[in-house]
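> Here's my sequence, what's the structure:
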Amino acid sequence: MRIKLLIAYNGSSFEGSQVQLHTDNTIMGQIYKVFESLNIKTKLHASGRTDAGVHAFKQVMHCEIPDFWSDTVKLKEHLTHKLPSSILIRQLRPCKDDFHSRYSASRRAYRYVLSPKCSNPFEEAFISFLNRPINIELLKEGIKVFEGEHDFSSFKKSGSQTKTNLRTIYKTRVYRYKDKTVLYFEANGFLRSQIRLMVAFLLRINTEELSIEELKQQLNNTKIFNTRPASANGLYLSNIIY
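Model prediction:
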């Protein structure tokens, strides 16, 4: 039986979402530990990977489980009880056999949360603090440059392998939420560290270290101005659209 899991997590203390050989301190690693304790042998598939320190409101995974686990409510209770409190199984239910958490998805949405200063030290793991003013109009102008289909070769982690670097960003937005500034990106997919590299460039535009014209040059892969990603702690996987 194939099941679909909707998962939220605080990524601060984990080394990313994917399974890693040297540690089980990942989101998948923790779920596998619970499955193993229940004698469930399976392979998890995620809608996409998140790096160390990145959070999620709506990560989606699927896997096959034995038919005798037809009581998925009970299985969800086991996971909720045994997983760390920083990982929440929001939904767990049967799905169609042809559903795939990654390949069935049409769009992914991320939010990046900024604040000009640290007003609450307990938010440090969840917000990127700039310690300088935020020019929201300049960010709005810059973020629109990313919309459309582009070859994002200059906005991916060095050494990451993909079949194509073409991605389509359908929607971007910059808005205020209370005393925070939020950057929103919605696309058919993202390359490794792409969002953090895009955000880093925008933040250097915010401080006038770089210009929108230089952003266009890097997006067109004619010249590289920035290769350092923004911090992970302000980034959230906010939705997967099917």
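> And the strands in this structure, which stretches?
For the chain, the strands defined by DSSP state E occupy 2-9, 45-46, 55-64, 87-94, 107-115, 128-129, 148-151, 166-177, 180-187, 235-241.
> Pull out the buried positions in the longest one.
For strand 166-177, the neighbour count (16 or more other C-beta atoms under 10 Å) marks 167, 169, 172, 174 as buried. C-betas here are computed from N, CA, C, even on glycine.
> export it as CSV, just CAs?
The C-alpha coordinates for strand 166-177 follow below in CSV (Å, rounded to 0.1, in the frame of the first residue of the first chain):
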residue,chain,number,x,y,z
LEU,A,166,16.6,25.3,-16.8
ARG,A,167,13.9,26.2,-14.3
THR,A,168,10.8,28.3,-14.6
ILE,A,169,9.9,30.7,-11.7
TYR,A,170,6.2,31.4,-12.0
LYS,A,171,5.8,33.8,-9.2
THR,A,172,7.8,35.9,-6.8
ARG,A,173,6.8,38.3,-4.1
VAL,A,174,8.3,40.5,-1.4
TYR,A,175,6.0,41.6,1.5
ARG,A,176,6.0,42.7,5.1
TYR,A,177,4.7,40.5,7.8
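> Sheet-wise, list the partners of that strand with their directions.
Using DSSP bridges, the strands paired with strand 166-177 are strand 148-151 (antiparallel), strand 180-187 (antiparallel).
> just the ones you listed: most buried one?
Most buried of those by mean neighbour count (mean count of other C-beta atoms under 10 Å) is strand 180-187; its value is a mean of 20.
> ok, and what's touching that strand?
107-116, 127, 134, 136, 139, 143, 146, 167-176, 195, 198-199, 202, 238, 241 (C-beta atoms under 8 Å, 6 or more residues apart in numbering).
> list the contacts for the residue nearest to E123 when sequence neighbours are not counted?
Closest residue to E123 apart from its sequence neighbours, by C-beta to C-beta, 6 or more residues apart in numbering: S115 at 7.6 Å. Contacts here follow C-beta under 8 Å, 6+ apart; on that basis S115 touches 123, 127-130, 179-181.
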